[in-house]
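J.: For reference, the sequence and a predicted model appear below.
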Amino acid sequence: MLGLAFILKKKKRDSNHVREVGGNNQLESAEIINRTICLNLASYPSCQLSIFNLLSYCCPNATLAMSDSYDFLFKFLVIGNAGTGKSCLLHQFIEKRFKDESNHTIGVEFGSKIINVVNKMVKLQIWDTAGQERFRSVTRSYYRGAAGALLVYDITSRETYNALTTWLSDARMLASQNIVIILCGNKKDLDADREVTFLEASRFAQENELMFLETSALTGENVEEAFVQCARKILNKIESGELDPERMGSGIQYGDAALRQLRSPRRAQPQGTQECGC
Ligand SMILES: Nc1nc2c(ncn2[C@@H]2O[C@H](COP(=O)(O)OP(=O)(O)OP(=O)(O)O)[C@@H](O)[C@H]2O)c(=O)[nH]1
């Protein structure tokens, strides 16, 4: 059975973190809490293709099963050059504190959080991707079916700002044309070392139809806002009919069987089973 066990179980924990380890993209272990999918491949070091990668590719909505009292689940990406603070932003958003020691991400990391957006409970399933070029082929495989993204640059590094067009075209090509993206100029607390002005970045955002905020993972400024604004825009698009959660690869899932049943009776599933978009 390849050592792969899907165990659905209720389990409470403060944070939901999955870390993909090993330079050769081995998935040592991964947990999605509450809706726990346990993958234990530690004893299969030769397995080069992570099961998460496979799940994400084949079944972008595979994490949804029983409801945690949320209305929607959105798949999010955090992308941008290495060292811009993507992991620290995710950590600040989930844990509400700065990650003191942050190493380069190897492949991808995962986190999730339920937030309240305009009276809807939205579960964000967030994939924090490695910014280093050598992981690009791995990280690109996670783009598929993302509903939203934080596109991060470092306001003290023009190089990271100059790379934005490449990240943007990748996201629009590989995720979805409709992906909602918020541009985040991170390290706002280092204003004295700024190399990119607020004005030029906001122009870039406007020209490319992006939302824009300057953030600081260190102080927490605008971090929650970045995720919330992105989620709010996705919700608006759902309400206006511009986005269809039922469309395969939309990166959006309904949060409970009842709501799904209301919308599409033939797709209703028994409680406790896994919904898979494939
Ligand atoms: N001053 C300041 N430093 C930050 C901020 N965010 C991150 N850093 C620092 O920037 C460095 C890189 O942060 P990471 O979160 O690891 O960067 P990353 O974008 O995830 O990097 P990769 O995983 O390699 O793609 C670390 O030394 C952080 O402490 C911030 O808002 N302000």
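T.: Yep, it's here.
J.: all strands for the stretch 101-250 of the chain, in order.
T.: Ranges of strands within the stretch 101-250 of the chain are 108-117, 120-129, 148-154, 180-186, 211-214, based on DSSP state E, counting those that start in this stretch.
J.: Between the ones you listed, which one is closest to the ligand.
T.: Each of those was scored for nearness to the ligand using Cβ to the nearest ligand atom, and the closest is strand 180-186 (5.1 Å). For every residue, glycine as well, the C-beta is placed using N, CA and C.
J.: so does that closest one get close to the ligand?
T.: Yes - Strand 180-186 reaches the ligand (Cβ under 6 Å from any ligand atom) through N186.
J.: average pLDDT for that strand?
T.: Strand 180-186 comes out with an average pLDDT of 98.
J.: Now do it and strand 148-154, the angle between them.
T.: Between strand 180-186 and strand 148-154, the angle formed by their directions is 20 degrees, by axes from the mean of the first three to the mean of the last three Cα atoms, to 10 degrees.
J.: and strand 180-186, what does it pack onto?
T.: Under the contact criterion of 3 or more Cβ pairs under 8 Å, 6 or more residues apart in numbering; DSSP states H and E, the helices and strands touching strand 180-186 comprise helix 86-95, strand 148-154, helix 164-174, helix 198-207, strand 211-214, helix 223-240.
J.: possible to save those as TSV with mean pLDDT, mean neighbour count and distance to the ligand?
T.: As requested, those are exported to TSV (pLDDT from 0 to 100; neighbours: other Cβ atoms under 10 Å; distance: least, Cβ to the nearest ligand atom, whole Å):
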stretch	mean pLDDT	mean neighbour count	distance to the ligand
helix 86-95	97	22	3
strand 148-154	98	27	6
helix 164-174	95	16	11
helix 198-207	98	14	15
strand 211-214	98	20	10
helix 223-240	96	19	9
